[in-house]
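# Take this sequence and fold it.
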Amino acid sequence: MYAIIKTCGKQYKVEKGSNLVVDKINEAQKNQEVILKEVLLLSDGQKTVIGKPIVEGASVTARVISQKRAPKILVFKKKPKKGYKKLQGHRQYLTELEVTGINV
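Predicted coordinates for the structure are as follows:
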């Protein structure tokens, strides 16, 4: 059984026992259960239920493994022949989740 969920404006395919890394969920602490209610699609291999836009009564429960930050990316801007150079770094805040169940 798998589900497609929407969280933080992005869509993820999840199965029971799978791990995924999403943008930071502010209210989540380590080892806390999180309920993700925006389920877009459910499938058990035989039958597929597509939401319009979400599947009513379906949810995915997940456990927070950690709150962390992504590796640093560098943003470099330059305008040729003008002497303008700017270097910035960015590290995105992330939440790592382990899916514990898909509820219908």
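
# What's opposite the residue most central in space within the chain in the beta bridge?
Per CA atoms, centre = their mean, the C-alpha nearest to the average position across the chain is that of Val22, at 2.8 Å. Under DSSP bridges, the beta-bridge partners of Val22 are Thr95.

# Let me see the contact set for it.
Going by CB atoms under 8 Å, 6 or more residues apart in numbering, Val22 touches 7-8, 10, 12, 94-95, 97. Heads up, the C-betas are built off the backbone N, CA and C, glycines and all.

# what about the strands in the protein?
2-7, 10-15, 19-23, 33-36, 39-43, 48-50, 59-69, 73-79, 84-90, 93-103 (DSSP state E).

# quick one on the thing from earlier: let me know the pLDDT of the residue nearest to the centre of the chain.
Looking at Val22, its pLDDT reads 96.

# again, but for the one 3 residues further on
At Ile25, the pLDDT value in this model is 92.

# For it, give me phi and psi.
phi -100, psi 110 (degrees, to the nearest 10).

# Surely it is in contact with Glu33?
No - assessed by CB atoms under 8 Å, Ile25 is found out of contact with Glu33, at 11.8 Å.

# Mind pulling the model confidence for the residue sitting furthest away from the middle of the chain?
In the chain, the residue that sits farthest from the middle, by CA atoms, centre = their mean, is Lys81; the gap is 42.0 Å. For Lys81, the model assigns a pLDDT of 97.

# same deal with Ala28?
Ala28 is assigned 88 on the pLDDT scale.

# Pro71: neighbouring residues, count only.
Counted with other CB atoms under 10 Å, the neighbours of Pro71 add up to 6.

# oh sorry, the question was meant for Gly9
Gly9 has 6 nearby residues by other CB under 10 Å.

# Which residues are in contact with it?
Gly9 touches Asp23, counting by CB under 8 Å, 6+ apart.

# picking up where we left off before, tell me how far the residue farthest from the centre of the chain lies from Val75.
21 Å (CB to CB, to the nearest Å).
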